[in-house]
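Peer 1: below are the sequence and a predicted model; questions follow.
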Amino acid sequence: MTDRPVSPDSVALAAQASSWRSAYVHVPFCARRCPYCDFAVVAAGEPGAEETGRYVDALIGEIGLESGPFPIEAVNFGGGTPTRLDPHDLERILIALRDRFGLASDAEVSIEANPEDWSPRYAAALREAGFNRVSFGVQSFDPEVLAYLGRRHSPDQAERAVTVARSAGFDTINIDLIYGAPVETDPSWASTVDRALTLGPEHLSAYALTVEGGTELSRSVRDGAPAPDGDVQADRWESLAAAASSIGLVRYEISNWATPGHACRYNLSTWAMGEFVAFGTGAHDHRDGTRARNVRRLDAYVERVERGERPRSGSEHLDGFERKRERFMVGLRLAAGVEAGSVGTAFLESAEGRRLLDARVIESIDGRVRVGRPLLTDLVARSVLSVSEEDC
Amino acid sequence: MTAPSRIRNFSIIAHIDHGKSTLADRLLERTGAISERDMRAQMLDEMDLERERGITIKANAVRLDYIAASGESYQFNLIDTPGHVDFSYEVSRSLEACEGAVLVVDASQGVEAQTLANAYLAIEGGLEIIPVVNKIDLPAADPDRAAAEVAGVLGGTADEVIRVSAKTGEGIEDLLEAIVERLPAPEGVEDAPLRALVFDSFYDTYRGVVSHIRVVDGSITKREPVRFMATDLDVDVDELGIRRPATEEIDRLTTGEVGYLITGVKEIDLIRVGDTVTDVTAPTDEALPGYREPKPMVFSGLFPTDGDDFERLREALEKLRLNDSSLVYQPETSRALGFGFRVGFLGLLHMEIVRERLEREYDLDLVATAPSVAYRANLASGEQIPVRSPQDLPDAAALASIEEPFVKVMIITPSEFIGTVMDLVQQRRGVMGEMTYLSPERAELHYRMPLAEIVFDFFDQLKSKTRGYASLDYEPDDYQISDLVRVNILLNGVPVDAFSTIVHREKAYMYGKAMVSRLRELIPRQLFDVPVQAAIGTRIISRETIKARRKDVTAKCYGGDITRKRKLLERQKEGKRRMKMVGQVEVPQEAFVAALKLDM
C-alpha cells in the first residue's frame, strides 16, 4: 500500500482518503441483542434468523443492482455479527463485490468479529477468502462490565481470539472497547486498557456507552437504573488516550487509534466525505452526492431484492453549500482536522467560532480547522450548522 | 330628575369571596334592573380576569329604581369598588361619591383586614355604614359571632347587623329598606354652579375616555361645555348616560345623581380620577377635595422572552395605560435580558394583574425581574435621588445612606396564631404596635415594617403559617434610613443586572448564597469553568463553580448514517436559540425565569 507507513493523523492521509471508495456489507444476525444496541439486528429465535442463506443471496442480488465499476479501496463487513455467517458465504459476497465494482489489489478487507465465534479454522478460512483485517468486539476485560453489556465472551476468550488472529496472519487487528458503563470503575478500566494494549493491536476503537432510544438500556435507565456519566466517560477517554499514545498508537479520529500504516481506510474515508456503496438491512451509502438508506426489516429487505428492486427507504441529495458544510462538519471528527474552505472561514469569523477559538475548543492551523477538545465535537458541529450560505 | 331626598348612593365593601358580587346581583334582580333569566352571574365585573380572580378592578355604577315599603320610589346608585388594598386610592374616590356603604362579612369567616381597612376609609370619609352578615345559609355559618365581631369593630350593636343570604335571597328586603332608612340623602346645592366628581375613568376603543361622575352641586347637561379643573380642559359633553346595567342615554344629571360622561377626549391623562367637572359658562371657584397622583409602590423589570416582541410589549403597555392611569413605565435596558420596561405598580396584586393581562390579552411571554420598592439614595453631596431599580444605586463612595419605604401593617389572625405571626413579622424587620382582640378568638395586630419585606412572599408565608386564616392590609407610612446594600450576582466575573437586588445587610448573605446555588443548578455547563459569585461592592460573599463541560459527542454513526446524525444535531441546535450571552456565558432563558420566579 502506498500510504504505509504514513502517520494515521497526517493531513496527507486525510486528503487522500476523500478520494477513496469503499463498500459496506451489513450482516444483521446476532446470537442475541445487546441491551445498548440500536442497530438493525436479528437475534437468534427472531423471524428470519435461520434464513442466513436467503439473506446472503439477497445481498449478492442487491450488489448486482448497483452500477459498477466503482474501484474499491476498502470493504467492511459489519453488523450484527458477520461471523455468524459461514466463511464460504462471506467469500461469495466478497467475490460479488469484486466482480461488480473491482477491488484494489491492496484493498483493506475487514470484518467485525465476536471473540466467542472465533477459532483457528474460522480465522484461516477468512484469510483464505481474502480478509486481511479483523475487528474484535472485546468491549471490556472486566467480567462485570461484560455481563452488564450483555456480552457472552470471557476476557480470556478475547485474548485468545487476538492471538489466533495474529497466528492466522491478519495484517491489522482492531480491538473495540466500550467505556463508561455505570458498573465500570477506575481500576477496572485501567486493567481493561492495560490488557488491551498488552495484546499489541495495530488499531484500537473506544466508544462511550450511549443510551440510545428504544433499547433495553434506555428502558432500564428510564425506570431508574443509573445512566452513564459524561464526566466519568471523559476521564476514561483521557486515560485511554494517554496510555495509547505511550505505546505508539496515534489517535486519528475522536474514537480511533492506530499504529502508522494501520489507520482504517473505510473509517477515514467516511469522515473525509469519501464515497461508499452499502448493502444489507439498514445500510447507508453515499454516492454521486446522494446519501441513501435501506429498509431495516429483514423480510422487507429480502422480498424487495428478490423482486429485483433496490430496497431503499429514503435518500437525500446534497449539493452546493450544504455539501460543503457537511464536508466541513464531518471532517471535524478527524485529528488531522479539515480544510477550512468557505464554510470554515465563515465559521471562524462568526461570534460562535471566535468563542470556540478563544476557549481553545477549536484550532486554526495552516488553513485547516481542528477540534482541540475532541470530546466537544458535537458542540462544534452544532455551531457549524448555524453557518448559512449568506455567511460564505 | 329625582329630588336628592329620594336618592341613595352607596357602595358595597367586602373581602374577596365574601359575596359582594352575588349580593350586587341580588339587588339588581330585586329592584327589577335585570330579570333572573338574563342574569349573567356577577353582573358588575366586566373583565374576565376579574371574574376569574373574584376581584373587582374598575369601579362601575348602576342605577336601580326601588319602591320602598312606604310606597315611595327611590333612585339607588350602586357604586362598585375594588376590593384590594392596592387600589385603595380608587376605593377612596369611589367612596367619595357615596353617602353610605354596605359592609359585607362572611358569616363563617368573620371580619378580614382588607374589609376593615376599607370600612375605616369609609368611616373616615363620613359614610354611614350598614353592616351585613352574608352566607347565613351555609352550614358552617356562625352569624351571631360574625355579627358580634362586626358590631364590635364598628362600635354598634349586633341587632343593627342585617343577616342575608345573597345566594338564596333571604334578608335582601331588609337590606333594601335599611338603605332607604339608614343612609342619608345626598346634600348638595341644586342651583349652585356645577361640581361633579370624576370617580372612575376608562378608555373605550370607540368612544375614547368614558368617565363616571357624581354630581355634587348643580347639574350637567348634554352638549354644554364643561371644564376639567385639574387639567384645565374645556370640552363639550357629547353624551351623558346611566347604566341599569344596560346603557341608557339621558340629557341631564342633577344634584346627587350618578352617571357616565363622554366628551370625545382620547387621552386618559386629561381626565383624571378625582378631578372636578364644572360648567365653562358658570364655573365654580372651588374644586372638590383634591386629586392625588397615584404613587407606584413596587417596581419590576418586564422583558419579552423573545427580544423581537419589545415593540409589542410597548404597545400593550400603552393600551393598558389607557385604562389604568396608575401604571407607570419607562424603557429599561438589561445586559442580560435585553430591552424591556421598568414598570411601577400600586402593589403586588396590581403587578400580578398587569403581568397576567399582558401575557393573556396581548399574548406576550415575559420575564419579570425581582420586584423592588422605591428606595431613595442620599448622596454624599447632600442630594437625594430616587432608586427604582438596583442599577440606579450609586457606588458606595458616592453614597451617604439609603432610605426605604415603610408601611403600616394590619393583620387580623385567629388568636392561636398570634405567636406565629409575631415571629414572622419580626424576621421581616417588623416593629410591633398595638394589638386589639376583636373577639376572644381573633386579634388585630398592628406593625410598622419595610415594604420591601412584604414584597417578597410575605403574604404567602403569612397565609401558609396561619393555615390561611390570617388576613393582611397595609398602607404607606414614611421613609426611613436602613442598612441596605446591593448584592450583585457575577457570572464569570461579569455582574448580571437582572439578578442584582437591594437587601438589608443582614440578609445579603442569605440572598447571595441562595441565588448562587440556584444559578449553578440552572445554568448548563460551558466550555470553561464558570464562577458564580455574589458580591457586595468588591467583596465576594458567596461563590460556586459551574464546572466546564467535558463531553459533548456521540459515538459512531449508525452504519455511516450521517443524515440522521446531522438531523439530530440540528434539532439540538434549536434548543440553543433561547440562550442569552452574558459575559461569555450562555444562559438559557428558562434559567432567568426560574431563578427569578422562586421565592427567597
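Peer 2: Structure's in. What do you need?

Peer 1: show me what counts as buried in the helix or strand B:L197 falls within.
Peer 2: Element membership for B:L197, per DSSP states H and E: strand B:195-204. The neighbour-count check on strand B:195-204 (16 or more other C-beta atoms under 10 Å in any protein chain shown) flags B:195-203 as buried. For glycine as for every other residue, the C-beta is placed from the backbone atoms N, C-alpha and C.

Peer 1: reformat the residues you listed as a markdown table; add pLDDT and distance to chain A.
Peer 2: Shown next, in a markdown table, are the buried residues of strand B:195-204 (pLDDT from 0 to 100; distance: C-beta to the nearest C-beta, whole Å):
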| residue | pLDDT | distance to chain A |
| --- | --- | --- |
| B:R195 | 96 | 65 |
| B:A196 | 96 | 62 |
| B:L197 | 93 | 59 |
| B:V198 | 90 | 55 |
| B:F199 | 86 | 56 |
| B:D200 | 83 | 52 |
| B:S201 | 81 | 50 |
| B:F202 | 80 | 47 |
| B:Y203 | 80 | 44 |
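
Peer 1: which parts of the stretch 51-200 of chain B are helices?
Peer 2: Using DSSP state H, counting those that start in this stretch, the helices of the stretch 51-200 of chain B run over residues B:88-96, B:113-124, B:143-154, B:172-182.

Peer 1: tally of neighbours for B:M510?
Peer 2: 15 (other C-beta atoms under 10 Å in any protein chain shown).

Peer 1: is the helix or strand where it lies anywhere near chain A?
Peer 2: Secondary structure from DSSP H and E places B:M510 in helix B:505-522. No. With C-beta under 8 Å from any C-beta of the partner chain as the criterion, chain A is not reached by helix B:505-522; the gap is at least 15.3 Å.

Peer 1: could you say which of the helices of the stretch 51-200 of chain B is packed most deeply?
Peer 2: Highest mean neighbour count among the helices of the stretch 51-200 of chain B (mean count of other C-beta atoms under 10 Å in any protein chain shown): helix B:88-96, with a mean of 23.

Peer 1: partner strands of the strand or helix carrying B:F406, with direction?
Peer 2: If you go by DSSP H and E, B:F406 is part of strand B:399-414. Its sheet considered, strand B:399-414 pairs with strand B:375-379 (antiparallel), strand B:442-450 (antiparallel), strand B:471-482 (antiparallel) by DSSP bridges.

Peer 1: possible to save those strands as JSON lines with mean pLDDT and distance to A:S188?
Peer 2: What follows is those, written out as JSON lines (pLDDT from 0 to 100; distance: least, C-beta to C-beta, whole Å):
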{"stretch": "strand B:375-379", "mean pLDDT": "95", "distance to A:S188": "60"}
{"stretch": "strand B:442-450", "mean pLDDT": "93", "distance to A:S188": "59"}
{"stretch": "strand B:471-482", "mean pLDDT": "88", "distance to A:S188": "60"}
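
Peer 1: right, and those - which one's nearest B:N134?
Peer 2: Distance to B:N134, taken as C-beta to C-beta, is lowest for strand B:471-482 among the strands paired with strand B:399-414, at 16.4 Å.

Peer 1: and for the closest one, what's in contact with it?
Peer 2: Strand B:471-482 has contacts (C-beta atoms under 8 Å, 6 or more residues apart in numbering or on different chains) with B:15, B:85, B:88, B:112-114, B:116-117, B:295, B:297, B:376, B:378, B:401-413, B:448, B:450-451, B:454, B:458-459, B:462, B:504.
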